[in-house]
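**Student:** I'll drop the sequence and a predicted model, then ask my questions.
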Amino acid sequence: MSGNRTTVSKSDKLHDVCYDIRGPVLREAHRLEDEGHRVIKLNIGNPAPFGFEAPEELLQDVIHNLPDSTGYCHSKGLFPARKAVMQYTQTKGIPDVTVDDIIIGNGVSELIVMAMQALLNNGDEVLLPAPDYPLWTAAVRLSGGNPVHYLCDEKQDWQPALDDIRAKITDRTKALVIINPNNPTGANYDPALLQEMVKIAREHDLIIFADEIYDKILYDGEQHTSIASMAEDLLCITFNGLSKNYRAAGFRAGWMVISGAKYRAESYIEGLDMLASMRLCANVPSQHAIQAALGGYQSISDLVLPTGRLGRQRDKAWEMLDSIPGVSCVKPKSALYLFPKLDPKVFPFQDDEAFVLDLLRQEKVLVVQGTAFNWPNPDHFRVVFLPRMDDLQDSIGRIAEYLDRIRKK
Ligand code: PLP
């Protein structure tokens, strides 16, 4: 009887959807762990497992409010949490945001998918950076849209190539996505460049989606500018949350802020409200942490100092990677990642997933291949510099030894 049953396939909607950060390579790492190997994971930007604790006052707020958090709340989120986000947008110079313009979600991830689902018709195009945080590309595809990637220029500290953005605009282009500070490159964009991006969006009537989840993880005294603060006349949606700046990724607490030309987007905003209502509301206990986080002591500022744990780890990881013969790496100004380049003359890899798998099997070090970030060539990989210094040095040392062996072959 079982022989007659049809197989169950994923829906056609998922055919082109790809999210390789947690894909086949991670499954292989789990298999190795099941066999008893210790794998050093430089693959996911999840601070807590590496001893980066969330501020104590966040935890206390959640614990204190837990007994009153068992019911659903407003679909857009708890009022005090949204109020705190509203005040935060004021400090970033984003004009004219009310509590009603804020939706709290189960992490930025949920909101990115909602924002694309509410907007896109089949065949609509969205401009996304290459490399990107791949959820953006996946969300556009899942929503029936076509992701179109504009290049970020490694030679210009990974700033977006404006000519490439211009060249890729068509009459189907609806929106421009800006991930700033950037995952995976660690770039933090200049205000002058952001102005140029606003100009392009203005000329072509594009919505700006700004993913700013790393806006407080800045090194060497860098400052962050929210692009929405420069684009009062355009519709801007800015995303942020507790996962990185407050090391509370497991809380799944993020928010989106609608600003600028809201009057032209009534129907879209209605769509967003409907999708927010359909999932009832975001996790309520975690929302109590938002006010505590935004209003509390910003302990991330200590961690990113040259003497802070993140600052030191960034420096060491960068120095070690950049000094491997045949490898070069732009020093990240922000976020938690390095995106080194493998010189194709020295390492003529055709398939960067195969390289990452081989590195994993030989050295028990897990990184992510560059093409998983929609980078077009198999010549980059991403390293997370969250593990403790001894593990970080050990694992990058192993990457160096592995690449040495390949080079000498
Ligand atoms: N956006 C970027 C650029 C990210 O790097 C990540 C996670 O790594 C997310 C969004 C997801 O954030 P959240 O944990 O709030 O869903």
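**Tutor:** It's in. Here the structure is a predicted model, which is why all the values come from computation and not from measurement.
**Student:** look at residue 157 and say how many residues are nearby.
**Tutor:** 17 (other CB atoms under 10 Å). Any C-beta I mention is one placed from the backbone N, CA and C, and that applies to glycine too.
**Student:** what pLDDT is listed against it?
**Tutor:** With respect to pLDDT, residue 157 has a value of 97.
**Student:** what's the answer for the one 4 residues further on, then?
**Tutor:** Looking at residue 161, its pLDDT stands at 98.
**Student:** what's near enough to touch it?
**Tutor:** 150, 151, 152, 153 (CB atoms under 8 Å, 6 or more residues apart in numbering).
**Student:** do that again at 6 Å, thanks
**Tutor:** 151, 153 (CB atoms under 6 Å, 6 or more residues apart in numbering).
**Student:** so how far is residue 168 from it?
**Tutor:** Here the criterion is CB to CB, to the nearest Å. By it, residue 161 lies 10 Å from residue 168.
**Student:** let me know the pLDDT of the residue in the chain positioned nearest to the ligand.
**Tutor:** Distance from the ligand to each residue of the chain (CB to the nearest ligand atom) is smallest for residue 107, at 2.7 Å. As predicted, residue 107 sits at a pLDDT of 98.
**Student:** tell me how many other residues surround it.
**Tutor:** 23.
**Student:** correct me, but it touches residue 255?
**Tutor:** No. Using CB atoms under 6 Å, residue 107 is not in contact with residue 255; the gap is 9.8 Å.
**Student:** who's in contact with the residue of the chain closest to the ligand?
**Tutor:** Taking CB under 6 Å, 6+ apart, we find residue 107 in contact with 252, 254.
**Student:** next one: phi and psi at it?
**Tutor:** Phi and psi for residue 107, reported as degrees, to the nearest 10, are phi 80, psi 160.
**Student:** and for residue 369?
**Tutor:** The phi/psi pair for residue 369 (degrees, to the nearest 10) reads phi -70, psi 150.
**Student:** for the worst-scoring helix or strand of the chain on mean pLDDT, packing partners?
**Tutor:** Every helix and strand of the chain was ranked by mean pLDDT, DSSP states H and E. The lowest is helix 24-34, at a mean of 93. Applying 3 or more CB pairs under 6 Å, 6 or more residues apart in numbering; DSSP states H and E, one finds that helix 24-34 makes contact with helix 352-363.
**Student:** what helices or strands is the helix it packs on leaning on?
**Tutor:** Helix 352-363 packs on helix 24-34, strand 368-369, helix 389-408, going by 3+ CB pairs under 6 Å, 6+ apart.
**Student:** the second one: partners in the sheet, and parallel or antiparallel?
**Tutor:** Which is strand 368-369. Next to strand 368-369 in the sheet, as set by DSSP bridges, lie strand 381-384 (antiparallel).
**Student:** need the CA coordinates for the strand it pairs with. CSV is fine.
**Tutor:** Extracted in CSV, the C-alpha atoms of strand 381-384 (Å, rounded to 0.1, in the frame of the first residue of the first chain):
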residue,chain,number,x,y,z
PHE,A,381,34.2,33.1,2.5
ARG,A,382,32.7,34.6,5.6
VAL,A,383,34.2,34.3,9.1
VAL,A,384,32.4,35.2,12.2
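**Student:** list of residues touching it?
**Tutor:** 42, 45, 184, 336, 337, 338, 339, 367, 368, 369, 370.
**Student:** circling back: what touches both of residue 107 and residue 255?
**Tutor:** In contact with both residue 107 and residue 255: no residue, using CB under 6 Å, 6+ apart.
**Student:** show me where pLDDT drops low in the stretch 101-250 of the chain?
**Tutor:** Scanning the stretch 101-250 of the chain for pLDDT under 70 picks out nothing.
**Student:** for it, which residues are neighbours of the ligand?
**Tutor:** When proximity is defined by CB under 6 Å from any ligand atom, the stretch 101-250 of the chain lies next to the ligand at 107, 108, 109, 133, 179, 183, 211, 213, 241, 243, 249.
**Student:** apply 8 Å and report the result again.
**Tutor:** Those residues of the stretch 101-250 of the chain that sit near the ligand, judged by CB under 8 Å from any ligand atom, are 105-112, 133, 135-136, 179, 182-183, 211, 213-214, 239, 241-244, 249.
**Student:** in which helix or strand does the nearest residue to residue 159 once chain neighbours are set aside reside?
**Tutor:** Of all residues not flanking residue 159 in the chain, residue 193 sits nearest, at 5.4 Å (CB to CB, 6 or more residues apart in numbering). Following DSSP states H and E, one finds residue 193 within helix 191-203.
**Student:** check which element follows that helix along the chain.
**Tutor:** Per DSSP H and E, the first helix or strand lying C-terminal to helix 191-203 is strand 207-211.
**Student:** and the helix or strand that that next one is followed by, which strands flank it?
**Tutor:** Moving toward the C-terminus from strand 207-211, the next helix or strand (DSSP H and E) is strand 235-241. Strand 235-241 has the following strand partners under DSSP bridges: strand 207-211 (parallel), strand 253-260 (antiparallel).
**Student:** list the buried residues of the least confident helix or strand of the chain.
**Tutor:** The neighbour-count check on helix 24-34 (16 or more other CB atoms under 10 Å) flags 25, 26, 28, 29, 32 as buried.
**Student:** identify the residues contacting that helix?
**Tutor:** Under CB under 6 Å, 6+ apart, the answer for helix 24-34 is 39, 356, 357, 366.
**Student:** and for the closest residue to the second one other than its chain neighbours, the neighbour number?
**Tutor:** Taking CB to CB, 6+ apart as the measure, residue 356 lies nearest to residue 369, with 4.5 Å between them; neighbours along the chain are not counted. Residues within reach of residue 369, counting by other CB under 10 Å, total 25.
**Student:** got the contact list for residue 369?
**Tutor:** Residue 369 neighbours (CB under 6 Å, 6+ apart): 352, 353, 356, 381.
**Student:** try 10 Å
**Tutor:** 20-21, 23, 25, 349, 351-357, 359, 375, 378-382 (CB atoms under 10 Å, 6 or more residues apart in numbering).
**Student:** sweet, I'm off.
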